[in-house]
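Peer 1: Got a predicted structure plus its sequence, pasted below:
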Amino acid sequence: MLEEPNNWGRWGAGDERGALNLLTPETVVAAAGCVREGRALSLSLPIRGATSSPAPTTVPHLRGRPLPQHFMSVDGGDYAAGTRPIGAGLKMADDALVVTPHGTTTHMDALCHMWSGDELYNGHPAGRVRSYGAGRCGIDKAGPVVARGVLFDVPRLRGVERLDAADRVGVDDLEAAGVEVRPGDVAVVRTGWPLAWRDGGPEAYWAGQPGLSADAGRWLAGRDVSVVASDNAAIGGLNEHQLADEGLDDDLHMIFLWRHGIHLAEMLWLEELSETGRTDFLFVAAPLRIEGGTASPINPLAVL
């Protein structure tokens with residue numbers, strides 16, 4: 001059993017959902033009270049084009065990761081020859097989509113994504129994570145997320161368009177937002193880092209990334225959030241080698257996924273949400289039911 005504060009055993013020895021257990025019917029009903037305008041915003045980056053075209057390189061992603069591949073048969077130029085006739089002169093276009101979520105598109109990490117030693121979150125055996133899928137704590141165990149979202153718009157608080165690559169979001173930044181954090185909330189942290197791709201291209205984006213500090217991560221975990229989401233690629237910061245500088249004890253994935261069972265949503269697009277000035281909203285996201293998956297692409301929504 002871990003010595004540092006954690007959620008192991010809190011929802012039973014067999015639990016595989018972690019802090020998502022905080023999303024009780026009462027919590028969801030209360031979260032719906034954040035809807036005051038009836039307007040929905042997508043918080044997702046686009047999945048764009050095939051790797052045979054330059055389209056995917058126009059969307060932020062980590063260097064060296066397999067890019068999403070979207071093939072269509074309608075023009076006869078990709079994975080199938082022509083369209084498929086379905087009678088009466090009608091034709092049907094088909095799609096094929098290949099996505100490796102981590103580092104390439106908006107996604108949610110499963111609790112089996114990272115661990116230490118021989119145990120996953122809650123003491124489940126890490127040996128159950130195999131090439132054919134994880135037998136425990138896969139993304140299929142998460143289910144839909146309907147919760148109150150709270151935005152920590154750190155660049156806006158600091159009076160800048162986006163944070164610098166070396167910046168780390170501390171407890172003082174979170175407290176300065178003046179946001180009341182309730183059990184079950186989805187904590188959404190804006191760094192503005194996708195704008196680095198827009199302003200300077202891939203090399204600027206790959207120069208490092210801002211992110212949460214370990215103390216800020218513990219601050220959020222101590223307030224019983226159900227999910228932590230951000231517009232960067234790893235929740236925590238990255239150096240120019242796209243690696244975290246923190247040791248194992250301070251690694252944000254270990255703090256959230258392994259110790260507290262808090263799912264992570266990464267690579268969101270938060271610019272339109274920032275422009276609204278809203279700090280609370282209804283957050284909705286549904287990972288695909290990929291049995292034993294370490295992650296799933298998602299299209300999170302902020303309902304204002």
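Peer 2: Looks like it arrived, so ask away.

Peer 1: what about residue 38, which SS state?
Peer 2: Counting by DSSP: H, G, I helix; E, B strand; the rest coil, the backbone at residue 38 sits in coil.

Peer 1: Give me the pLDDT for it.
Peer 2: At residue 38, the model reports a pLDDT of 97.

Peer 1: Strands of the stretch 51-200 of the chain, start to end?
Peer 2: For the stretch 51-200 of the chain, strands defined by DSSP state E, counting those that start in this stretch occupy the ranges 69-72, 84-87, 90-92, 95-98, 107-109, 129-130, 133-134, 145-153, 168-169, 186-190.

Peer 1: what's the last one in contact with?
Peer 2: Outside of strand 186-190, the residues within contact range by CB atoms under 8 Å, 6 or more residues apart in numbering are 43, 145, 147-156, 169, 181, 212, 220, 225-231, 235, 265, 268, 270, 273-274, 283. Just so you know, the C-beta spots here come from the backbone N, C-alpha and C atoms, and that holds for glycine as well.

Peer 1: now those: which count as buried?
Peer 2: Buried by 16 or more other CB atoms under 10 Å: 43, 145, 147-156, 169, 181, 212, 220, 225-231, 235, 265, 268, 270, 273, 283, out of the contacts of strand 186-190.

Peer 1: my guess is residue 119 meets residue 125, correct?
Peer 2: Yes. Using CB atoms under 8 Å, residue 119 is in contact with residue 125, at 6.8 Å.

Peer 1: among the strands of the stretch 51-200 of the chain, which gets the worst mean confidence?
Peer 2: strand 84-87 has the lowest average pLDDT among the strands of the stretch 51-200 of the chain, namely a mean of 59.

Peer 1: neighbour-wise, which of residue 119 and residue 125 wins?
Peer 2: Applying other CB atoms under 10 Å to residue 119 and residue 125 shows that residue 119 carries more neighbours, namely 17 against 12.

Peer 1: who touches that one in this structure?
Peer 2: Residue 119 sits next to 125-126 when contact means CB under 8 Å, 6+ apart.

Peer 1: What's opposite it in the beta bridge?
Peer 2: For residue 119, the beta-bridge partners under DSSP bridges are residue 116, residue 125.
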